[in-house]
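J.: Quick check, what structure comes out for this input:
(2 chains)
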Amino acid sequence: MVPFLGHGIGLRTKHFPDLLEQGRRADWFEVITENFLNVGGRPRAVLEAVRRDRPVVLHGVSLSVGSVDPLDSDYLRDVRALADAVQPAWVSDHLCWGTFGRHNAHDLLPMPFTEESLAHVVGRVSEVQERLGRRFVLENVSSYLTYAASTIPEWEFLAEVARRADCLILLDVNNVFVSATNHGFDPGEYLRGIPRDRVVQFHLAGHQDLGTHLLDTHDAPVADPVWALYRDAVRRFGRVSTLVEWDDHIPPLDEVLAQAEKARALEKAVLEGADS
Amino acid sequence: MTLAELQALLHGRITGAVAGREDQLREEVVPRPPLDALERVEIYARMYLYRLVDAVAEDVPHTSRVLGHDAFVELVGDYLLEHPSRSPDIGQAGRLFGSWLRTREGFRADLPDLAMLERARSEVRTALDAPVAGAEALQGLPPDALPAARFLFAPSVRVLRLQHDVRPLWDVLEEDSGEVPAAIPGPTTLVVWRHGFKVFHTGLSEPEARALMVAREGGSLEDVCATFAGEPEPAQAAFKTVLSWFADGWVAAVTSQRG
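T.: Have a look, this model is predicted:
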């Protein structure tokens, strides 16, 4: 049974003094896995302090689950060691690829949605779950291009990966909105295509409108259309652990916490039928 | 095109490792107004460079400031072509930037050393924690075990062999005040370490540097003392140096195997 964690925020260096010295807390925290692998000093101390009284989720950005490169055994060993130490509520990463020939682009590059990549990703997620000794959670990414080879809608691809590999889904509502705008699909159709029983987490974040496309920047408050889509997501999926990401031009902790509180209020309104 | 071929094509273009192949990219990537296929790929190529520029700049903020934005971006671009990131941790991307800068020209001569100092400070800040041994770990050994005593240093201790003394430069840039000093050429050994969450660096004299290198390479206390043989009052100098390692929290443990 996956627990409901409430409304959390990403653990970021800028907020370390508030968290460590003033003991401020959100309902729960998501940490970028790679920032805490084989790490000591203040980051580790903050992680341990936060974990003592709050749930934590490990969220990776470098698994590169869709890459044709072999899975990085050292990386998976380190992630497992961190997970064993921290005991996160779950471990997640993205449905994407970022490495080729062991050269890491440090990006979340979109998959071509084909039968070949579906089989590839399903096999890799299964292997990851085995090596980590736990069920894995996969997140949809924002994208700026699509491939001529794609034959499957993204939401069907994600749902099918989850079904075949028996993994769970982190539904990034902002990413759905950004990709829907960039590629001209209906974000509502995306939500309807994702199975209710697989979604364990929502992401919310800010983006920028560059005129020619939306860019997933995590440097601003959640945009109004994304809040509207979040309402739709709550209507469809019910109460799901929700997390606000803010990674650039990071404001004071109170401002990020206020976004999490806004998510809580919207969720409450939807579930109590006050928002229709 | 297979998944592997598609990833090779796109990755090569985004990272700058492979030039050209525009026709293939136009075939594989869907244009959607107002952006054509290549412009869509270019979004990722720009993000690749600037994401890594930011990561390296985080390691070496003073170096990037001295170079200026445009020169720094150009240098990091060149550096990445020779040293593409192989680590899942983007924080490791700039690991070799300082030493790589030594192969380049067109900036003040001590800049590679400044970058190496900054990188070391960055590594030390998040290095693994370890227990700190006090001098009693050595003093508690039986007298006949002392010569064979060996030192295990904390993972957060780094030793840098530089070609310039960049401490005055780092001080001015860190304080963001005062006139930037001229480069000070000459071999310089610096130690960077962490006490609590705070990072420090200090210079070592040549005898101290020799002793520390011997100890870090697994030499015994006897070997360490031997490095002071040519110094006036060698026993006293060795004693003072070794005690300072403990006082600064550099030593994690002392081991000894007699006979």
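J.: can you list the residues of the stretch 101-250 of chain A near chain B?
T.: A:101-107, A:109, A:112, A:114, A:116-117, A:120, A:144-149, A:182-184, A:212-213, A:215 (C-beta under 8 Å from any C-beta of the partner chain). Every C-beta, even on glycine, is put in place using the N, C-alpha and C of the backbone.
J.: Might you specify the subset of the residues you listed located within strands?
T.: A:103-107, A:109, A:215 (DSSP state E).
J.: For residue A:194, state which of the residues you listed is nearest.
T.: Distance to residue A:194, by C-beta to C-beta, is smallest for residue A:109 among those, at 21.3 Å.
J.: Run through the bridge partners of the closest one.
T.: With DSSP bridges applied, residue A:109 shows beta-bridge pairing to residue A:97.
J.: Can you pull out the low-pLDDT segments for the stretch 101-250 of chain B?
T.: Within the stretch 101-250 of chain B, no range satisfies pLDDT under 70.
J.: now the strands: where do they sit in it?
T.: B:150-153, B:158-164, B:185-195, B:198-204 (DSSP state E, counting those that start in this stretch).
J.: Next: the stretch 51-200 of chain A.
T.: With DSSP E, counting those that start in this stretch as the criterion, the stretch 51-200 of chain A has strands spanning A:56-59, A:91-94, A:97-100, A:103-109, A:136-139, A:168-172, A:199-204.
J.: Let me have the ones you listed in a markdown table, adding distance to residue B:213 and mean pLDDT as columns.
T.: Shown next, in a markdown table, are those (distance: least, C-beta to C-beta, whole Å; pLDDT from 0 to 100):
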| stretch | distance to residue B:213 | mean pLDDT |
| --- | --- | --- |
| strand A:56-59 | 39 | 98 |
| strand A:91-94 | 41 | 98 |
| strand A:97-100 | 37 | 98 |
| strand A:103-109 | 33 | 97 |
| strand A:136-139 | 45 | 98 |
| strand A:168-172 | 49 | 98 |
| strand A:199-204 | 49 | 98 |
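J.: can you list the ones you listed in a markdown table and add mean neighbour count?
T.: Shown next, in a markdown table, are those (neighbours: other C-beta atoms under 10 Å in any protein chain shown):
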| stretch | mean neighbour count |
| --- | --- |
| strand A:56-59 | 24 |
| strand A:91-94 | 24 |
| strand A:97-100 | 26 |
| strand A:103-109 | 23 |
| strand A:136-139 | 23 |
| strand A:168-172 | 24 |
| strand A:199-204 | 24 |
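J.: Identify whichever of those lies nearest to residue A:32.
T.: Smallest distance to residue A:32 across the strands of the stretch 51-200 of chain A (C-beta to C-beta): 6.0 Å, for strand A:56-59.
J.: contact partners of that closest one?
T.: Here strand A:56-59 makes contact (C-beta atoms under 8 Å, 6 or more residues apart in numbering or on different chains) with A:5, A:8, A:10-11, A:28-33, A:36, A:47, A:50, A:79, A:82-83, A:86, A:88-93, A:139, A:170, A:201, A:243.
J.: Can you flag which of these belong to helices?
T.: A:47, A:50, A:79, A:82-83, A:86 (DSSP state H).
J.: Show the contacting residues for the nearest residue to residue A:67 once chain neighbours are set aside.
T.: Distance criterion C-beta to C-beta, 6 or more residues apart in numbering or on different chains; nearest residue to residue A:67, sequence neighbours excluded, is residue A:97 at 4.0 Å. Going by C-beta under 8 Å, 6+ apart, residue A:97 touches A:64-68, A:109, A:111, B:7.
J.: Please list the residues of the stretch 101-250 of chain B that sit near chain A.
T.: Counting by C-beta under 8 Å from any C-beta, the residues of the stretch 101-250 of chain B near chain A are B:125-130, B:155-156, B:194, B:197.
J.: Make sure residue A:262 is actually in contact with residue A:224.
T.: No: with contacts defined as C-beta atoms under 8 Å, residue A:262 does not count as touching residue A:224, sitting 11.2 Å away.
J.: Looking at those two, which one has more neighbours?
T.: residue A:262 (17 against 8; other C-beta atoms under 10 Å in any protein chain shown).
J.: Give me the three-state assignment for that one.
T.: helix (DSSP: H, G, I helix; E, B strand; the rest coil).
J.: so who does it touch?
T.: Residue A:262 neighbours (C-beta under 8 Å, 6+ apart): A:222, A:227.
J.: Any figure for the gap between it and chain B?
T.: 28 Å (C-beta to the nearest C-beta, to the nearest Å).
J.: Distance to chain B, pLDDT and neighbour count added to the ones in helices among the contacts of strand A:56-59, as CSV?
T.: Below are those laid out as CSV (distance: C-beta to the nearest C-beta, whole Å; pLDDT from 0 to 100; neighbours: other C-beta atoms under 10 Å in any protein chain shown):
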residue, distance to chain B, pLDDT, neighbour count
A:47, 11, 95, 22
A:50, 16, 94, 23
A:79, 9, 98, 25
A:82, 12, 98, 21
A:83, 15, 98, 17
A:86, 15, 97, 19
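J.: what's the farthest-apart pair in these?
T.: A:50 and A:79 (18.5 Å).
J.: my guess is residue A:95 contacts residue A:65, does it?
T.: Yes: between residue A:95 and residue A:65 there is a contact under C-beta under 8 Å: 6.8 Å.
J.: any shared contact partners between these two?
T.: Contact with both residue A:95 and residue A:65 is made by residues A:121, A:138, according to C-beta under 8 Å, 6+ apart.
J.: Can you name the residue of the stretch 101-250 of chain A nearest to chain B?
T.: Chain B sits closest to residue A:145 of the stretch 101-250 of chain A, with a gap of 3.9 Å, by C-beta to the nearest C-beta.
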